Structures are given as structure tokens and as C-alpha cells.
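In: got a predicted structure here, sequence first:
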Amino acid sequence: IYAPTEATMGVVQRIFYFHLPIAIGSYAGAFLLFLGSFMYLNTRELEWDRFAACSAEMGVLFTTTTLLTGMIWAKPIWGIWWAWDARLTSEFVLDLIFISYFMLRAYLPDREKKAKLSAVFGLLGMVDVPINYGSIRWWRTQHPQPVVGPGGGGLDSEMWMALFAGFIAIGILFAYLLERRLAVAAVEAEVDHLEHVVLAHE
């Protein structure tokens, strides 16, 4: 309602105010996965493994939503849902890294081994982020060139306000979902510990 209608793309451009903050959320998921994995390898504390796993779940959610909102935006503008350009492909690869992380965890029943190997794999997710970020600056892609950040084309002041509101809203949502997931993970860990105690006494 607040932001003006973009002259070239029209009303559909408004998805930008959701799409970009959600995409940054996918980067945040990768960074937090990297942090949790790194800290686990340094401390061997399972709390960091839980943090990494919960962050990876946020990564799956926000990366998949980034791809979906991008496809919804692409169809009326490009005439196609998907193009295998550098930005889209590297975001898709990031989603696959998150999903592969959980596949690895699913096939490792031993807690310590699961945490160690998952942490090593979790470090890889962050490698994709700078490639994804720089892709539209390094290569000619179908994805629009940057409008914010270094080398960006700039935005109308009212568009900046709408984008800022989007970042605040999506940031709060990310933090809330991660906090709730961490709380559930702590309960799951307690239940798992109690099950092991019971089995050990049988």
C-alpha cells in the first residue's frame, strides 16, 4: 500500500519486499549452521549440534520459500517459472546442501558420530553463500542486477521504507521460529536422554 508501483514490472514487483528479506534469511540459516557446526567441532557439546540442526531447518524453510517466491515473480515477468542461471542455480544448490545435511543425519543413528559428521558437512553450506551473493555481479544472468548493496541501482525512498519493514518482519519471524525450534529440540533431547536411561536400567 505504501510503496509506489514499479514502472516496468507493475504490481508484481511488490513481491520483492518479501523475496529479498527471505533470501537473506536463507543466508542467515547457512551462517548459523556454519556457526553451530564450528562450535560443536571445537567444544563437542551436543547443544551446538542441536543449534546447527535447528538452523539448518530454518535454512530449508527460507531457501525453499526464496525459490518459490522467485518463481512466482519470474512467471509474469520472464514468461517462465525457472531459468538455470547462476543466482537461481546456486540458491537451489544451497537448498540441496541443507536437505543433504538432514539426509546424512537420518542415516547416522549414533549421536556422537551423527553430530561429528553432520558438523563437518554443515561447514560446506557457507561456501555457497558468497558464490550466490556474487553471482549476479560476476556473471551475466537472467536474474535482475542488484538494486541494493554494493553496485546496486538504488530504490525510491518509499520503496526503501517498504523493504526495511519487510526486513524487520522477516527477521522477527526467523528469530521467533528458530527460538521455538530450539525449545522443541531441547525437549526432544531430554526425552532421548530419559529413554537411554530407562533402557540402560532394563
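Out: Here it is on my side, so go on.
In: show me which helix runs longest in this protein.
Out: Using DSSP state H, we find that the single longest helix of the chain is helix 157-201.
In: that one packs against which elements?
Out: helix 16-43, helix 46-78 (3 or more C-beta pairs under 8 Å, 6 or more residues apart in numbering; DSSP states H and E). C-beta here means a position set from N, CA and C on the backbone, and glycine is covered the same way.
In: tell me which residues in the first one are buried?
Out: The reference is to helix 16-43. Across helix 16-43, burial judged by 16 or more other C-beta atoms under 10 Å covers 16-30, 32-41.
In: cool, and the longest one?
Out: Taking 16+ other C-beta under 10 Å as the basis for neighbour counts, the residues of helix 46-78 that come out buried are 46, 48-67, 69-70, 73-74.
In: can you check stretch 172-189 too?
Out: Buried-residue list, stretch 172-189, by 16+ other C-beta under 10 Å: 173, 174, 177, 178, 181, 185.
In: pull out the buried positions in the worst-scoring helix or strand of the chain on mean pLDDT.
Out: When each helix and strand of the chain is scored by mean pLDDT, DSSP states H and E, helix 125-138 comes last, with a mean of 83. For helix 125-138, a neighbour-count test (16+ other C-beta under 10 Å) marks 125, 126, 128, 129, 132, 133, 135, 136 as buried.
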